[in-house]
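Novice: Sequence first, then the predicted structure:
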Amino acid sequence: MSPLTLDLKDIQGDVLIGLQKDAENFIFFKVVDVAAFKTLVRGYILRRTTSSERTKQWELLIQRRKGLGQRIFGSFHGLNLGFTNDGMTQLIRGSRPKLDPAFERGAGHDDTIRILHDPPRVAWLPKFVSDRIDGVFLITGPNRSSVMSQSDELRRLLGSSIKVVYSETGNTRPGAERGHEHFGFLDGISQPGIRGLTPASNPIYKPNEGLPGQDLLWPGEFVFGYPSQHPNDPVKEGAPPEMAAPWMRNGSYMVFRRLEQKVPEFRRFVQQQAARLGMDPQLLAARMVGRWKSGAPLELAPLRDNLGLGGDERRSNDFEFGDDRFQRKCPYAAHIRKVYPRDDVTLAEAQRHRIIRAGIPFGPEVAPGETTTTSQSRGLMFVCYQTSIGRQFEFIQSHYANNPDFVAGKQRPGGGLVTPGFDPIIGQAPGNGAREMDEPFPNYPAGSRRTTLTIPEQFVKLTAAAYFFMPSITALRTVLTS
């Protein structure tokens, strides 16, 4: 098989493309009767499991009908399945090969919590930590009612072979907020392109780029069995990621994090700090994120939002940070600059720590009475895929977002090193301590005002987490259910 020919029939649909969804139910379960569970997966679940090929076909159909101005008829329901380290042990008895060290450690291990500065498990959702979690079902569809109907049918089929430990449904936000997370910012921008899957929009002059600004990465960064990025060259193919067993081919690691967003508190903080700094609160929020709510990047729209730019996928991601050497346009610590530093580091380095995101918001819209304090849980069911949890997700969180010295070596105009500070959105200090971010007030296009933003609390709080292996459909049919 050619390295650029992806076996989309064998790769689960959420991994590379993302299951189409306006609602998604996460069912976290414990395997109670292993033999019965394996029989039911082979007999009923496998034929319902959604492949990347089917997901791609549906995506192309949607794009074609949208391009013709037609309505989308019919509905797409997706089903994917993954297992924790405990779940893999339940299914593969005896000498189960050890997989990724971070996966084997698990998201709830004390060492993981220390590495990521996460809250301790006692602070997570009680029901989520009430029992061992062996696996997760992802059930997606066009609305909550149809997803819950599909979920009820799945639970009926599996019966007493599993125990549901925790279940929660996310949904896209309504109306004009569709595609935006609960702080109000357009989400899902800046996904990596994948060689062999993402077409180059300018194949003659920019063959290594999908949409403008979207570098094409080797698929082994996200799914096993294919070349990955070369450690020293952003274009050259590297060796495929190591597999502890041949059946890992076409599988991927999924990181799940339930991130609760304190929206009223965030809004109040931004208003108060903007008044202190003497600046527009919308600009302050944009400098914390690195983009305006429309999705327009500060690098291209440093002082005011540009709705046309934010909604244009051919322009909104086509930038680097190299021409912003003194953070006049975008702070060094802004969320998008922290988690994907682009040319703040070497391009080869930046591309070795990419992830594919596939999350969905959860919880109700902010109620009229929630002016200053959150009273209803809402946030993001964060999901990402990679072939090395340690080198990809954990590295981004610990070495980038949580590291006040990253990016190192940056200077102010006229000299003087800068400590950029924490990512103000997802960065976490040890013990949930206060964080600082350098230069919230813009010195654009010139100026030398020194300002610091002190953030006394987390506005994004981890409330549950787990690491899963998303096996290929072949592995589900054979080694995991034999």
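Specialist: Perfect, thanks for sending it. Fair warning: this is a prediction, and the values are worked out from it, not measured in the lab. Residues are numbered from 1 along each chain as shown.
Novice: Break down the stretch 101-250 of the chain into its helices, ranges please.
Specialist: 101-105, 110-116, 144-158 (DSSP state H, counting those that start in this stretch).
Novice: Put together JSON lines for those, with mean neighbour count on each row.
Specialist: The C-beta positions use only the backbone N, C-alpha and C, and glycine is treated the same way. As requested, these are exported to JSON lines (neighbours: other Cβ atoms under 10 Å):
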{"stretch": "helix 101-105", "mean neighbour count": "18"}
{"stretch": "helix 110-116", "mean neighbour count": "15"}
{"stretch": "helix 144-158", "mean neighbour count": "16"}
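Novice: Minimum distance to residue 34: which of those has it?
Specialist: helix 144-158 (12.4 Å; Cβ to Cβ).
Novice: Return the closest one as PDB; C-alpha atoms alone will do.
Specialist: Output in PDB follows, covering the C-alpha atoms of helix 144-158 (Å, rounded to 0.1, in the frame of the first residue of the first chain):
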ATOM      1  CA  ARG A 144     -30.200  15.600  20.700                       C
ATOM      2  CA  SER A 145     -33.400  13.600  20.400                       C
ATOM      3  CA  SER A 146     -32.200  11.400  17.600                       C
ATOM      4  CA  VAL A 147     -28.800  10.900  19.300                       C
ATOM      5  CA  MET A 148     -30.500   9.900  22.500                       C
ATOM      6  CA  SER A 149     -32.700   7.500  20.600                       C
ATOM      7  CA  GLN A 150     -29.600   5.900  19.000                       C
ATOM      8  CA  SER A 151     -27.900   5.800  22.400                       C
ATOM      9  CA  ASP A 152     -30.900   4.100  24.100                       C
ATOM     10  CA  GLU A 153     -30.900   1.500  21.300                       C
ATOM     11  CA  LEU A 154     -27.200   0.900  21.800                       C
ATOM     12  CA  ARG A 155     -27.600   0.500  25.600                       C
ATOM     13  CA  ARG A 156     -30.500  -1.900  25.100                       C
ATOM     14  CA  LEU A 157     -28.400  -4.100  22.700                       C
ATOM     15  CA  LEU A 158     -25.500  -4.300  25.100                       C
END
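Novice: With distance to residue 387 and mean pLDDT added, can I get the helices of the stretch 101-250 of the chain in CSV?
Specialist: Converted to CSV, those look like this (distance: least, Cβ to Cβ, whole Å; pLDDT from 0 to 100):
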stretch, distance to residue 387, mean pLDDT
helix 101-105, 11, 98
helix 110-116, 18, 98
helix 144-158, 28, 97
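Novice: got the buried residues for stretch 363-383?
Specialist: Under the neighbour-count criterion of 16 or more other Cβ atoms under 10 Å, stretch 363-383 has 363, 366, 370, 374, 378-383 buried.
Novice: Show me the contact partners of the helix or strand of the chain with the lowest mean pLDDT.
Specialist: Using mean pLDDT, DSSP states H and E, helix 52-67 stands out as the lowest-scoring helix or strand of the chain, at a mean of 87. Residues outside helix 52-67 that contact it (Cβ atoms under 8 Å, 6 or more residues apart in numbering) are 6, 8-9, 11-20, 71-72, 76, 78, 197.
Novice: Please repeat the previous calculation with a cut-off of 10 Å.
Specialist: If you take Cβ atoms under 10 Å, 6 or more residues apart in numbering as the criterion, helix 52-67 is touched by 6-20, 50-51, 70-76, 78, 80, 140, 197, 223, 250, 473.
Novice: After that helix, heading C-terminal, what element do we hit next?
Specialist: Remark: after helix 52-67, the chain's next helix or strand is strand 78-83, criterion DSSP states H and E.
Novice: Please read off the pLDDT at the nearest residue to residue 99 once chain neighbours are set aside from the model.
Specialist: Leaving aside its chain neighbours, residue 99 sits nearest to residue 244 (5.3 Å; criterion: Cβ to Cβ, 6 or more residues apart in numbering). Predicted confidence (pLDDT) at residue 244: the value is 96.
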